[in-house]
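Chemist: Here is a sequence together with a model predicted from it:
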There are 2 protein chains.
Amino acid sequence: MANYSAAVEPASADLDGIFTALADPTRRAVVRRLGTGPASVGDLADAFPITLPSFMKHVRTLEANGLIRTEKRGRVRTCVLRRDRLAAVDDWLAEQRLVWEQRTDRLERLVTDPKEERP
Amino acid sequence: MANYSAAVEPASADLDGIFTALADPTRRAVVRRLGTGPASVGDLADAFPITLPSFMKHVRTLEANGLIRTEKRGRVRTCVLRRDRLAAVDDWLAEQRLVWEQRTDRLERLVTDPKEERP
DNA sequence: GCAATACTTAGCCACATGGCTAACTATTCG
DNA sequence: CGAATAGTTAGCCATGTGGCTAAGTATTGC
């Protein structure tokens, strides 16, 4: 049994960044594309109708929030998805589900055991 | 077998809103709290160090993006979580995982069957 | 070595976001 | 009825976001 006890949401600042990064369709598309393997900034950018500098901002946002890693070799910057960071979203959802389930259990008990008082 | 074919991300506009709504710690905390059951705006707001009008904006954002429903009876507005909408996040993650797995399969084949050419 | 390539930097702009105060409306309680 | 309660509306403000153009730098190919 692990750490289900956090009174405050764990890693809140990280989640801010991760959700913010995923809130933009261009960035989600990049994440999706990188799911199929690494790609250069230029190759990625070709798929979008915005200028390179604008596109670069998205790349920086994704990197700043840990969703991708990038590395420059020669004049080419290659981007790689960091799948582990998306797990943070998974974790948040799981935690949320846990909260629901606890509630469901409580309701269950309410039906099963009439000793409990009504809200 | 369902619809795995979408060339473009399904429900992109919805995801924009959902991820945006979840990108704020106050709003995530509200979602979490509502996981334990409905609550009035005032009760929810008590947990946060911001003014009521500011808090109301978050409530409106959550409602506008479908994460909660709210209803006013008398002078009290009650908020309820819409769990079904959070499933959209789940779906996006699942789709993303599908992309990875396809890639993994490809790499697998590359190792298993040397006929395939290198990238 | 010169030109093309692949970003990068700098700076500007419009609009969205999240916070605030002040003042207002609508219910409910005594 | 009148006061307290629970939101709501309006308007202001600083900062953040996503887009652009123009110009610069560093590699690479001929």
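Modeler: Great, that's in hand.

Chemist: check whether the top helix by length along chain A contacts chain B.
Modeler: In chain A, taking DSSP state H as the definition, the longest helix is helix A:83-112. Yes: on the criterion CB under 8 Å from any CB of the partner chain, helix A:83-112 is in touch with chain B at A:83, A:86, A:89-90, A:92-93, A:95-96, A:99-100, A:102-103. All C-beta atoms are positioned from the backbone trio N, CA, C, and that covers glycine.

Chemist: Residue of chain A nearest DNA strand C, please.
Modeler: Closest approach between chain A and DNA strand C, counting by CB to the nearest atom of the strand: residue A:42, at 2.4 Å.

Chemist: which residues touch that residue?
Modeler: By CB atoms under 8 Å, 6 or more residues apart in numbering or on different chains, residue A:42 lies in contact with A:52, A:76.

Chemist: can you do 6 Å?
Modeler: Not one residue lies near residue A:42 by CB atoms under 6 Å, 6 or more residues apart in numbering or on different chains.

Chemist: Name the helix or strand for it, please.
Modeler: In this assignment (DSSP states H and E), residue A:42 forms part of helix A:41-45.

Chemist: distance between the helix or strand following that helix and the chain's centre?
Modeler: Downstream of helix A:41-45, the first helix or strand assigned by DSSP H and E is helix A:52-64. The chain centroid and the centroid of helix A:52-64 are separated by 17 Å under CA atoms, centre = their mean, to the nearest Å.

Chemist: other SSEs contacting helix A:52-64?
Modeler: Using 3 or more CB pairs under 6 Å, 6 or more residues apart in numbering or on different chains; DSSP states H and E, the elements in contact with helix A:52-64 are helix A:25-35, helix A:41-45.

Chemist: Burial-wise, tell me which of these comes out on top.
Modeler: Neighbour counts (mean count of other CB atoms under 10 Å in any protein chain shown) averaged over each of the helices and strands packed on helix A:52-64 peak at helix A:25-35, with a mean of 20.

Chemist: ok, that one near DNA strand C or not?
Modeler: No: using CB under 7 Å from any atom of the strand, helix A:25-35 stays clear of DNA strand C, coming no nearer than 13.3 Å.

Chemist: Now that helix: average pLDDT?
Modeler: Helix A:25-35 carries an average pLDDT of 97.

Chemist: Number of residues surrounding the closest residue to residue A:90 other than its chain neighbours?
Modeler: The spatial neighbour of residue A:90 that comes closest, neighbours along the chain excluded (CB to CB, 6 or more residues apart in numbering or on different chains), is residue B:93 at 6.1 Å. Residues lying near residue B:93 (other CB atoms under 10 Å in any protein chain shown) number 16.

Chemist: got it, and residue A:63?
Modeler: 16.
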